[in-house]
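J.: Pasting the sequence and the predicted coordinates here, then a few questions.
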Amino acid sequence: MPNLATFQFLLLWTLFPCFAFIARAAQRGPFGMRISCGARHNVQTEPTTTLWYKDFGYTGGIPTNASTTSYIAPPLKTLRYFPLSEGPSNCYNIYNVPKGHYSIRIFFGLVAQARATDEPLFDISIQGTQIYSLKSGWTTQDDQAFTQAQVFLMDGSVSICFHGTGHGDPAILSIEILQIDDKAYYFGPQWSRGIILRTVKRLSCGFGQSKYGVDYGADPWGGDRFWQHIKTFGDDSDRRRSVETRIKKASRPPNFYPETLYRSALVSTSSQPDLTYTLDVDPNRNYSVWLHFAEIDNSVTAEGQRVFDIMINGDVAFKDVDIVKLSGDRYTALVLNTTVTVNGRTLTIALSPKNGSFAIINAIEILEIIMTESKTLSDEVMALQKLKKALGLPPRFGWNGDPCIPQQHPWTGADCRLDKSSSKWVIDGLGLDNQGVKGFLPNDISRLHNLQILNLSGNSIQGPIPSSLGTITSLQVLDLSYNFFNGSIPESLGQLTSLQRLNLNGNFLSGRVPTTLGGRLLHGASFNFTDNAGLCGIPGLPTCGPHLSAGAKVGIGLGASFTLLLLITGSVCWWKRRQNILRVQQITARAAPYAKARTQFSRDIQMTRHNSNNYGNSQTAAENGPILLSR
């Protein structure tokens, strides 16, 4: 019988792979990807030796050298900018991103040698939802050199787009995609995957310096947040406190706040008992406010010694806040969260003490709540991408990202509407008239099932009109005039019962106009088929010959070809025979004088012989010619 020690050894040996797997899983950190825009090689920055991946294959634009705009920006030397010639919208499309919740941070930049007055102003969207618009003066305010948002990425990719507003070329220094806890910043029933939280302000109060999470020694699952240091809310309105004591209940999921954040605080004074912070914000938005506390003042040793109300824009958000009571002890982290709607342009947080005590606060976070946009129906996005390729649309069109969102920046020429049944955007109008585009019209255009207006007039599009257009039953206006379309008009266009205007004039079309279209003219429709030399069959156009089927046309073509071949063969034979006759006549003509002389000589000899017989019949052998002998 094996002893107990042997049994324990065997058990541990059996379970060792499981323990090893658990250990590896515990060590596996969150997904992180940092891109140094414009860089040709991977870069590591000091003092944290942070790895930045080279900028390759994600987008268009132009890489160039960068100039520093803020000391908090990563120390990178390049950026990528997008001139107007690259189109009004340009995107970074990054794939192979694991599903999850992410903090995405984007630093802006200035092209080297540029002046601060040349600062570009542009809009930024993530996954089709606009999250931020740069404001004038951002180059002089450190915490405005970047924008940051928390987004759910569930399809294995992320699209980050920059939209020009006519105020300079968008220029991007870096992009960071850092995975955070799936429940990070859960703020209540409204929280969902359809929510984006954009960081408006993140403050650490009291002593210290502005730092990133990595500098605080924070857990990587916190997303390496940047905490801007603020030493006072106003002169003589507060005083600073700090301790080195360990803070309990910090760095816990899902938000993983760094412990150091709670070792410094601002405390109100007797001259100004209310502790007030005011921030300029965009109006008519919803904001998630996170307030951080830890009782680190030695003068407070028990519950009830510090009690205050918290008001936001004059309304009581939290009443009778007692940090020691709510957190359970001194030197213990406490986080309070609420959601507010701001109608004006300021958000004011006021801590009003009760019973003669003072107010205290360690940190503040203000996040804008943004509802994600509904995307465009995927089938219609594919149709426009096929059309972009078939027409060879140049970059200036900016057909990047989602065609309909953000709503402030739809694709050039695309008109969109929200389909209530699918809760998706669809294309109901497409106007690319007089844009100098070339190429051909692909059959995939029929995927635009909701199209009502299609105007491609005044371009250089060639090839046949695709019969698949006849399946877009919602089409009301079809204008393909003044292009290079050839071939016949598809019979399928007659199935477009909603069609009110059809312009095919100024092309190279031929054949009979479908009778179904001709009949529509009697019902008030406006059709134009002029300037197509080969069209026939309706009033205003030449009369067509007998209608022939396609097989008959093929037969006639083959018969005509055979007849032509026979005519050519007969002509060649006749020509050769004629040449032979002429050749014989020429030879005869040349021999005629000799033949005449020979004939006259023969006559003379016969006359001589005749006369000799008449005069004695005396002849010699020489005169009579040789004697023929035979045996």
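T.: Ah, there it is.
J.: For the helix or strand encompassing residue 386, name the packing helices and strands.
T.: Element membership of residue 386 [criterion: DSSP states H and E] is helix 378-391. Here helix 378-391 touches strand 424-431, going by 3 or more CB pairs under 8 Å, 6 or more residues apart in numbering; DSSP states H and E. Where C-beta positions appear, they are placed from N, C-alpha and C, glycine not excepted.
J.: Packing partners of the strand it packs on?
T.: helix 378-391, strand 414-419, strand 453-455.
J.: So which residues of the stretch 101-250 of the chain form helices?
T.: Secondary structure of the stretch 101-250 of the chain (DSSP state H, counting those that start in this stretch): helices at 213-216.
J.: Is residue 470 in a helix, a strand, or coil?
T.: helix (DSSP: H, G, I helix; E, B strand; the rest coil).
J.: Use 3 as the first number for this chain going forward.
T.: Okay, using 3 as the starting number, the last item reads as residue 472.
J.: isn't it right up against residue 497?
T.: Yes: Residue 472 is within contact range of residue 497, at 4.8 Å (criterion: CB atoms under 8 Å).
J.: Show me which of those two is the more surrounded one.
T.: residue 472 (19 against 16; other CB atoms under 10 Å).
J.: What score does that one have for pLDDT?
T.: Per-residue pLDDT puts residue 472 at 94.
J.: How about the contacts made by the residue lying closest to it once chain neighbours are set aside?
T.: Take residue 472 and drop its neighbours on the chain: the residue closest to it by CB to CB, 6 or more residues apart in numbering is residue 494, 2.5 Å away. Residue 494 makes contact with 469, 470, 471, 472, 473, according to CB atoms under 8 Å, 6 or more residues apart in numbering.
J.: which residue packs closest to the second one, ignoring adjacent ones?
T.: In this case it means residue 470. Using CB to CB, 6+ apart, the closest residue to residue 470 is residue 448 (3.6 Å).
J.: Relative to residue 333, how far out is the residue nearest to residue 114 when sequence neighbours are not counted?
T.: Spatially, and ignoring its direct neighbours in sequence, residue 114 is nearest to residue 67 (3.9 Å; CB to CB, 6+ apart). Here residue 67 is placed at a distance of 48 Å from residue 333 (CB to CB, to the nearest Å).
J.: Ok, residue 446 next?
T.: Taken as CB to CB, the span from residue 446 to residue 333 is 65 Å.
J.: again with residue 317
T.: 31 Å.
J.: So for those two, which residue has more residues nearby?
T.: residue 333 (18 against 9).
J.: Give me the pLDDT value at that one.
T.: For residue 333, pLDDT reads 98.
J.: what residues are up against it?
T.: 245, 247, 248, 249, 250, 296, 297, 298.
J.: pLDDT score assigned to residue 535?
T.: 88.
J.: Can you report phi and psi for it?
T.: When read as degrees, to the nearest 10, the backbone of residue 535 gives phi -60, psi -20.
J.: Burial check on it, number of neighbours?
T.: Residue 535, neighbours per other CB under 10 Å, totals 11.
J.: same deal with residue 235?
T.: Residue 235 has 21 nearby residues by other CB under 10 Å.
J.: Can you tell me the closest non-neighbouring residue to it?
T.: That would be residue 279: by CB to CB, 6+ apart, it lies 5.0 Å from residue 235.
J.: Please look at the one you found and residue 350 and confirm they touch.
T.: Yes: in this structure, residue 279 is within contact of residue 350 by CB under 8 Å, at 7.3 Å.
J.: Those two - which one has more neighbours?
T.: Of the pair residue 279 and residue 350, residue 279 is the one with more neighbours under other CB under 10 Å, namely 22 against 14.
J.: Next one: that one from residue 300, what distance?
T.: Distance of residue 279 to residue 300, computed by CB to CB: 24 Å.
J.: Show the contacting residues for the residue nearest to residue 114.
T.: Applying CB under 8 Å, 6+ apart, the residues contacting residue 67 are 79, 80, 81, 113, 114.
J.: Okay, and the beta partners of it?
T.: Counting by DSSP bridges, residue 67 is bridged to residue 80.
J.: before we move on, back to that, could you work out the most separated pair of the contacts of residue 67?
T.: 79 and 113 (12.3 Å; CB to CB).
J.: Spit out the residues that contact these two alike.
T.: In contact with both residue 79 and residue 113: 67, 68, using CB under 8 Å, 6+ apart.
J.: Neighbour count: those two, which is higher?
T.: Legend: neighbour count by other CB under 10 Å for residue 79 and residue 113, higher for residue 113 (17 against 14).
J.: What distance do you get for the closest residue to residue 85 other than its chain neighbours to residue 447?
T.: Distances taken as CB to CB, 6+ apart place residue 171 nearest to residue 85, at 4.8 Å, with adjacent residues excluded. Separation of residue 171 from residue 447 (CB to CB): 33 Å.
J.: same deal with residue 36?
T.: Taking CB to CB, one finds residue 36 at 40 Å from residue 447.
J.: and the residue nearest to residue 149 when sequence neighbours are not counted, how many neighbours does it have?
T.: Of all residues not flanking residue 149 in the chain, residue 134 sits nearest, at 4.3 Å (CB to CB, 6+ apart). Neighbour count for residue 134, taken as other CB under 10 Å: 22.
J.: Return the residues in contact with residue 134.
T.: Contacts of residue 134 (CB under 8 Å, 6+ apart): 125, 126, 149, 151, 200.
J.: Drop anything exposed from these.
T.: 125, 126, 149, 151, 200 (16 or more other CB atoms under 10 Å).
J.: Let me see the domain layout of this structure.
T.: Here the domain parsing of the chain from the TED database is 34-181, 200-373, 380-538.
J.: Put together TSV for these, with distance to residue 545 on each row.
T.: Output for those, formatted as TSV (distance: least, CB to CB, whole Å):
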stretch	distance to residue 545
domain 34-181	49
domain 200-373	62
domain 380-538	6
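J.: tell me the strands in the stretch 3-152 of the chain, going along the chain?
T.: 34-38, 45-47, 52-54, 64-69, 80-83, 91-97, 102-110, 112-113, 123-128, 131-135, 148-155 (DSSP state E, counting those that start in this stretch).
J.: sorry, back to before: the residue nearest to residue 149 and residue 150, how far apart?
T.: For residue 134, the distance to residue 150 - CB to CB - is 9 Å.
J.: list residues touching both of those two?
T.: In contact with both residue 134 and residue 150: residue 200, using CB under 8 Å, 6+ apart.
J.: Poorly predicted segments of the chain, please.
T.: 3-30, 117-119, 521-526, 548-565, 568, 572, 574-633 (pLDDT under 70).
J.: Pull the number of nearby residues for residue 487.
T.: 22.
J.: That one looks like it's in a strand, true?
T.: Yes: according to three-state DSSP, residue 487 belongs to a strand.
J.: Could I get the contacting residues of it?
T.: Counting by CB under 8 Å, 6+ apart, residue 487 makes contact with 443, 463, 464, 465, 466, 467, 506, 509, 510, 511.
J.: related to what we said a few turns ago, closest to residue 311 out of the buried ones among the contacts of residue 134?
T.: The closest of these, once distances to residue 311 are taken by CB to CB, is residue 200, at 28.1 Å.
J.: For residue 270, give the beta-bridge partners.
T.: residue 240.
J.: actually residue 95, not the one I wrote
T.: Beta-bridge partners, per DSSP bridges, of residue 95: residue 161.
J.: distance of it from residue 404?
T.: Residue 95 is 11 Å from residue 404, by CB to CB.
J.: same check, this time on residue 346
T.: 32 Å.
J.: same check, this time on residue 418
T.: 10 Å.
J.: Now do the shared contacts for these two.
T.: 378, 427.
J.: These two - which one has more neighbours?
T.: Of the pair residue 418 and residue 404, residue 404 is the one with more neighbours under other CB under 10 Å, namely 24 against 20.
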